[in-house]
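Enquirer: Here is the input, now give the coordinates:
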Amino acid sequence: MVKNKTGIWITGASSGIGKAAAKEFARTGSNVFVSSRRVTELERLNNELNDENLNLNIFPCNVASQSNVDQVVKKILAESKLDCLVNNAGLTSFKLAAENSIQEINDIINTNLLGSIYTIKALLPHFIQNGGGTIINILSVVVSKIFTRSTVYSASKAGLLAYTNSLREEVREHNIKVVNIIPGATETPMWSQEVRKEKSDLMMSADDLARVIVSAYLQKNNIVTEEITLRPITGDLK
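Expert: Predicted coordinates for the structure are as follows:
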């Protein structure tokens, strides 16, 4: 059980890693707040946990909108103290750079990079006032390994890595932990059905990653796991 930990906010919780993390945190007894644009999927997730006599707090949010993020944070904090933010909301597009539309580029950067910055900015005053907190960012191995058809996605994740590495040094004095989870191929709806069917045995499960995320959060107060890279034992997809 989580002791003296009250609130966890997870973005992009309607599927994949975010959904798995929401379940795992709920099972520890945490007060879990979940956000996504897909409200129906959040409600379905909550119904799944109801079968275990657990429940989530649903707060729809489009993290690409700073005003929406600020509104949601205000609503959550009116109900509960938050101890942890899990930045998981994300988009991708498996296209060559020449094929990406400007709209696709904007959507990916606004969600993956700016969206995470918006949530961090909105919660920093709360964490500072409370004398600490944990920010967990779900990145990708694209921050350190080159893949084709991932130009914009790679830029968004590498940008967030740089931002949060700098942020970590700024907020140490406030007992705020910044943790970057860097996963390799994970079986989530980000991949097409065809790829998942063909290569699922070469991917990690979202449930396995969720356990790592919760474990990183549960470290003793005087320890921060700054970065965790996880890959399938078979390595990256080819």
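
Enquirer: other SSEs contacting the biggest strand by length in the chain?
Expert: Counting residues, the longest strand in the chain under DSSP state E turns out to be strand 176-183. Secondary structure elements in contact with strand 176-183, counted by 3 or more C-beta pairs under 8 Å, 6 or more residues apart in numbering; DSSP states H and E, are helix 115-130, strand 133-138, helix 151-171, helix 206-217, strand 227-230. All C-beta spots, glycine's among them, are computed from the backbone N, C-alpha and C.

Enquirer: center of the protein - which residue?
Expert: The centre of the chain sits closest to residue 88, judged by C-alpha atoms, centre = their mean, with a distance of 1.9 Å.

Enquirer: how about the lowest-mean-pLDDT helix or strand in the chain: buried residues?
Expert: The least trusted helix or strand in the chain, going by mean pLDDT, DSSP states H and E, turns out to be helix 193-199, with a mean of 74. Within helix 193-199, the residues that count as buried by 16 or more other C-beta atoms under 10 Å are 195, 199.

Enquirer: Also stretch 17-32?
Expert: For stretch 17-32, the neighbour count (16+ other C-beta under 10 Å) marks 17-27, 30-32 as buried.

Enquirer: Show residues contacting that stretch.
Expert: The contact list for stretch 17-32 (C-beta atoms under 8 Å, 6 or more residues apart in numbering) reads 1-2, 5-8, 10-13, 34, 36, 41, 45, 48-49, 52, 54-57, 80, 86, 88-89, 138, 183, 186, 188, 205-207, 209-211, 213-214, 217-218.

Enquirer: For PyMOL, write a command that selects the buried ones of these.
Expert: To isolate the buried subset of these in PyMOL, counting by 16+ other C-beta under 10 Å, use the following:
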select buried, resi 2+5+7+8+10+11+12+13+34+36+41+45+49+54+56+57+86+88+89+138+183+186+188+206+209+210+213+214+217
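
Enquirer: Residue 105: which of the helices and strands packed on strand 176-183 is closest?
Expert: helix 151-171 (5.2 Å; C-beta to C-beta).

Enquirer: Tell me who's in contact with residue 161.
Expert: Here residue 161 is in contact with 137, 139, 143, 180, 182 (criterion: C-beta under 8 Å, 6+ apart).
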